[in-house]
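Student: predicted model and sequence below, questions to follow.
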Amino acid sequence: MLYPKKYGVNPLFPQATDFNVITKDVSTGYGVLARRSFEAGELIAVITGEVVPDILQHTLQICEGKHLLDQYFTGYLLHACSPNISVDMHSMTVTALKNIPANTFLTMDYAQTEEVLYKQFPCSCGSENCRGWITGSLEMPAGALQIFAEVPELN
Ligand SMILES: [Zn+2]
């Protein structure tokens, strides 16, 4: 099991035999690699962690003012604009959206769970519908806010 014993025992928690949290590359940092294949629609894992009131670098939003800090699994899921997993913060489950071959990094869309990101960032996921600049679902890109700020007021 990837989780420490303090989180309890659940056979559906992410297992070390199924996943590896490893460095993808220097610029990306850590990611979660599937060690076996998963089929589209398959339940990948039940997740848990500590509930904290603030957005931190590795938290996922449960609801307004509640964020899950899971530094063993979900905190290291990478972003892609055409993700291969879906993360449901109500049922606390991770489900495969596509067939995921072994040795593939799990990717979620951060805007699925986050209204506001800890830090917006440029995306190079390579998918056809890549948004290019990743924000939370309720945020405008930092650049866009700047443009609005520069629009002169009409008299
Ligand atoms: Zn992208």
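Tutor: Looks like it arrived, so ask away.

Student: which residues of this structure lie near the ion?
Tutor: Residues of the chain that fall close to the ion, judged by Cβ under 5 Å from the ion: 81, 123, 125, 130. Where C-beta positions appear, they are placed from N, C-alpha and C, glycine not excepted.

Student: any stretches of the chain with poor pLDDT?
Tutor: The chain contains residues with pLDDT under 70 at 142-155.

Student: among the residues of the chain next to the ion, which are in strands?
Tutor: Counting by DSSP state E, no part of the residues of the chain next to the ion is found in strands.

Student: those residues in helices, which ones?
Tutor: Residues of these located in helices (DSSP state H): none.

Student: buried subset of the residues you listed, written for PyMOL?
Tutor: This is how PyMOL selects the buried members of the residues of the chain next to the ion, with burial counted by 16 or more other Cβ atoms under 10 Å:
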select buried, resi 81+123+125
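
Student: could I get the full set of strands for this structure?
Tutor: Applying DSSP E to the chain gives strands spanning 19-25, 29-34, 43-46, 50-52, 59-63, 66-69, 78-79, 85-88, 93-96, 104-105, 107-108, 121-122, 133-134.

Student: can you mark which positions in the second one are buried?
Tutor: Buried residues in strand 29-34, counting neighbours by 16+ other Cβ under 10 Å, are found at 31-34.

Student: thinking again about what came up before, out of the strands of the chain, deepest packed?
Tutor: For the strands of the chain, the largest average neighbour count (mean count of other Cβ atoms under 10 Å) is found in strand 107-108, namely a mean of 22.

Student: in its sheet, what does it sit against?
Tutor: Its sheet considered, strand 107-108 pairs with strand 78-79 (parallel) by DSSP bridges.

Student: nearest to residue 6, out of the strands of the chain?
Tutor: strand 50-52 (9.5 Å; Cβ to Cβ).

Student: show me the contact partners of that closest one.
Tutor: Applying Cβ atoms under 8 Å, 6 or more residues apart in numbering, the external contacts of strand 50-52 come out as 59, 62, 66-70.

Student: the ion: which of these is nearest?
Tutor: Closest approach to the ion among the contacts of strand 50-52 (Cβ to the ion): residue 59, at 20.8 Å.
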